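Visitor: Output the structure for:
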Amino acid sequence: MKFVLIFGPQAVGKMTVGQELEKLTGLKLFHNHMTIDLLVPFFGFTPEMWKLSDHFREEIFKAMAKSNQKGLIFTYVWAFDKQEDWDYVGRICEIFRSHGATICFVELEAALAVRLERNKSPHRLKHKPTKRNIDWSEVELKETFKKHRLNSFPGEIKQENYLRIDNTNLSAEAAAKLIGERFQLL
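Guide: Now for the predicted structure:
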């Protein structure tokens with residue numbers, strides 16, 4: 001079992017790269033908006049929504065880690081300046097590690113101007129209903145960029161299986177191929 005955690009700021013291309021990696025490897029993609037977009041219509045962006053989202057995700061992780069599946073790709077916006085995000089990543093990785101899975105960390109980074117363009121791409125809007133209010137989404141992207149550190153410092157990630165990709169000028173297909181080759185997923 002492989003658990004591939006793709007993380008980086010909003011609109012960096014986590015889901016799109018994950019979709020391409022899923023095509024190449026047969027690993028299942030569970031992008032973070034799958035729970036968010038399920039719950040926001042009922043609860044909005046409230047503490048209750050985040051609590052339920054975390055709970056649903058954890059149960060899916062537990063079931064997947066125990067399964068005979070080849071592996072899972074999960075996307076996440078990791079605020080490196082928030083201890084609770086570090087703790088969350090540790091908890092979800094431990095679910096897989098406790099079942100013998102190999103954990104692969106993939107960090108994506110891209111220029112803010114590129115991310116603002118990607119934020120309104122038809123592909124993103126098709127798969128993420130809560131991002132369809134582009135004005136709100138753009139403000140949220142910029143505010144989060146100012147408020148939190150969404151990419152790691154050099155050497156901060158101590159994970160043995162770690163790959164950082166600047167995909168500012170790299171296609172999702174090319175990024176997925178790099179990931180697949182690096183972690184022998186192809």
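Visitor: Just name whatever secondary elements the longest strand anywhere in the chain is in contact with.
Guide: Among the segments of the chain that qualify as a strand by DSSP state E, the longest is strand 102-109. The contact analysis (3 or more C-beta pairs under 8 Å, 6 or more residues apart in numbering; DSSP states H and E) places strand 102-109 against strand 2-7, helix 14-25, helix 83-97, strand 162-166, helix 172-182. Where C-beta positions appear, they are placed from N, C-alpha and C, glycine not excepted.
Visitor: Out of these, which gets nearest to Tyr76?
Guide: Set against Tyr76 and scored by C-beta to C-beta, the helices and strands packed on strand 102-109 come closest in strand 2-7, at 4.7 Å.
Visitor: who wins for proximity to Leu52 among the helices and strands packed on strand 102-109?
Guide: Comparison of the helices and strands packed on strand 102-109 against Leu52 by C-beta to C-beta identifies helix 83-97 as nearest, at 14.6 Å.
Visitor: now the angle from that closest one to strand 102-109?
Guide: 140 degrees (axes from the mean of the first three to the mean of the last three C-alpha atoms, to 10 degrees).
Visitor: For the protein, give the helix that spans the most residues.
Guide: helix 47-66 (DSSP state H).
Visitor: For that one, buried residues please.
Guide: Buried residues in helix 47-66, counting neighbours by 16 or more other C-beta atoms under 10 Å, are found at Met49, Leu52, Ser53, Arg57, Ile60, Phe61, Met64, Ala65.
Visitor: Run through the bridge partners of the residue nearest the centre of the chain.
Guide: The chain has Thr75 as the residue nearest its centroid, 1.6 Å off, counting by C-alpha atoms, centre = their mean. Going by DSSP bridges, Thr75 is paired in beta bridges with Ile6.
Visitor: What distance do you get for it to Asp135?
Guide: Using C-beta to C-beta, to the nearest Å, we find Thr75 at a distance of 23 Å from Asp135.
Visitor: coming back round to it: now the buried residues of helix 47-66 in CSV, with distance to Tyr88 and pLDDT?
Guide: CSV is the format used below for the buried residues of helix 47-66 (distance: C-beta to C-beta, whole Å; pLDDT from 0 to 100):
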residue, distance to Tyr88, pLDDT
Met49, 15, 96
Leu52, 15, 97
Ser53, 11, 97
Arg57, 9, 97
Ile60, 14, 97
Phe61, 11, 98
Met64, 17, 97
Ala65, 16, 97
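Visitor: and those, which two are the farthest apart?
Guide: Maximum pairwise distance in the buried residues of helix 47-66, criterion C-beta to C-beta, is 24.3 Å, between Met49 and Ala65.
Visitor: Residue ranges in this structure under the pLDDT threshold?
Guide: Counting by pLDDT under 70, the chain has no low-confidence residues at all.
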